[in-house]
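In: Quick one, structure for this:
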Amino acid sequence: MLSVETFIIVSVIKTVIAIFVLLTAVAYSVWLERKVIGHIQNRWGPTRVGPFGLLQPLADGIKFLFKEDLTPPHVYKPLYIAAPMLAVALALTSIAVIPIGNWVTIGG
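Out: I've put the predicted structure just below:
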């Protein structure tokens, strides 16, 4: 039987690993989509960063971190800022179906 502290630590580690795997899979599915779209349109697709463009998601992430954040003057600022966070939170809830801890029996 695990202690409560050990259970929490193991659960947090499993959760971090699951989030990392999910976000990495999303990044490389976007890369694959860009390659296929480039092929359909008779273009190269992303090939500049790394071998076969495999580091393109990393380059896109770094570019995203350094972009200037512009807010249009006519928007409701709290909602404008919260909308992307809500979208990411909803996308990450797909992790909720991944079993992280032991079985839990309720009412039985």
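In: What ranges does the chain have for its helices?
Out: All helices of the chain, identified by DSSP state H, fall at 4-40, 56-66, 77-92.
In: Show me what the longest one is packed against.
Out: Just to be clear, that refers to helix 4-40. helix 56-66 (3 or more C-beta pairs under 8 Å, 6 or more residues apart in numbering; DSSP states H and E). For glycine as for every other residue, the C-beta is placed from the backbone atoms N, C-alpha and C.
In: how close does the most centrally placed residue in the chain get to Ala91?
Out: Using C-alpha atoms, centre = their mean, the residue of the chain that lies closest to the mean C-alpha position is Leu23, 3.1 Å off. Leu23 sits at a distance of 10 Å from Ala91 (criterion: C-beta to C-beta, to the nearest Å).
In: Same check on Lys67?
Out: In this view, Lys67 and Ala91 are 20 Å apart by C-beta to C-beta.
In: swap in Thr15?
Out: 15 Å.
In: Could you do Thr71 as well?
Out: Counting by C-beta to C-beta, the gap from Thr71 to Ala91 is 23 Å.
In: Among these two, which residue is more densely surrounded?
Out: For Thr71 and Ala91, the more surrounded residue by other C-beta atoms under 10 Å is Ala91, and the numbers stand at 12 against 9.
In: Look up the pLDDT of that one for me, please.
Out: Here, the pLDDT recorded for Ala91 equals 79.
In: can I assume Trp44 is in contact with Arg34?
Out: No - Trp44 lies out of contact with Arg34 (C-beta atoms under 8 Å); the separation is 10.2 Å.
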